[in-house]
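Q: Below is the sequence, then the predicted model.
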Amino acid sequence: MSPEPTTTATLEKMSQEPLMADGSYSASGKAIEAAIDDPVLTTASGRSLEPRRITMPIAVAPMVDVTTSHFLQLCRIISPNFTLYTEMIHCNALVYNPDDLYNFFGEPWEGKVVQLGGSDLVAMAKAAKLVQDNGYKELNLN
């Protein structure tokens with residue numbers, strides 16, 4: 001029979017107990033040592049707090065004035081498996097300033113989705129072509 005999982009409440013209660021006169025831990029103090037050596041912490045409801053591998057896809061949605069190319073690079077460092085959406089750029093900004101493409105979106109990489117907004121179909125097509133020609137693989141049109 002495996003030992004009862006140690007809850008955080010149990011650890012807190014045990015950690016408040018004093019050391020024995022000889023400097024050793026009480027019985028519950030020994031349980032703290034065991035929990036530290038083999039931590040199987042659970043919530044009060046019994047749910048495990050052990051790290052788990054996420055198996056479903058995760059996408060980081062764009063946020064105005066937050067999802068900069070530097071923020072996306074940080075997210076990529078945290079997990080190269082995230083799908084990352086750039087801030088939405090109006091297609092005219094890209095069509096009239098094609099040299100600023102990397103300033104708008106940063107370097108292309110797998111999992112980065114460029115977002116373009118606009119209402120002029122011709123300008124949208126030109127902007128999409130610029131994005132594709134510069135190595136970006138995914139595009140979201142609004």
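A: Now that the structure is in, tell me what you want to look at.
Q: which residues does the residue lying closest to residue 109 once chain neighbours are set aside contact?
A: Leaving aside its sequence neighbours, residue 109 sits nearest to residue 76 (C-beta to C-beta, 6 or more residues apart in numbering; 6.9 Å). C-beta coordinates here come from the backbone N, C-alpha and C atoms, glycine included. Listed by C-beta atoms under 8 Å, 6 or more residues apart in numbering, the contact set of residue 76 reads 82, 84, 109, 111.
Q: Past the helix or strand harbouring residue 76, which element shows up next along the chain?
A: In the assignment (DSSP states H and E), residue 76 maps to helix 69-78. Scanning forward in sequence from helix 69-78 by DSSP H and E, the next helix or strand is strand 83-90.
Q: got the angle between that next one and helix 69-78?
A: When axes from the mean of the first three to the mean of the last three C-alpha atoms, to 10 degrees is applied, the directions of strand 83-90 and helix 69-78 differ by 170 degrees.
Q: coming back round to it: with distance to residue 58 and pLDDT as extra columns, can I get the contacts of residue 76 in CSV?
A: What follows is those, written out as CSV (distance: C-beta to C-beta, whole Å; pLDDT from 0 to 100):
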residue, distance to residue 58, pLDDT
82, 5, 85
84, 10, 90
109, 16, 88
111, 10, 88
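Q: circling back: and the residue nearest to residue 109, how far is that from residue 83?
A: Per C-beta to C-beta, to the nearest Å, residue 76 is found 11 Å from residue 83.
Q: picking up where we left off before, so the residue nearest to residue 109 versus residue 91, what's the distance?
A: Taking C-beta to C-beta, one finds residue 76 at 25 Å from residue 91.
Q: Contacts for the longest helix belonging to the chain next, please.
A: In the chain, with assignment by DSSP state H, the single longest helix is helix 121-133. The contact list for helix 121-133, computed with C-beta under 8 Å, 6+ apart, reads 91, 92, 94, 95, 98, 101, 105, 114, 116, 118, 139, 141.
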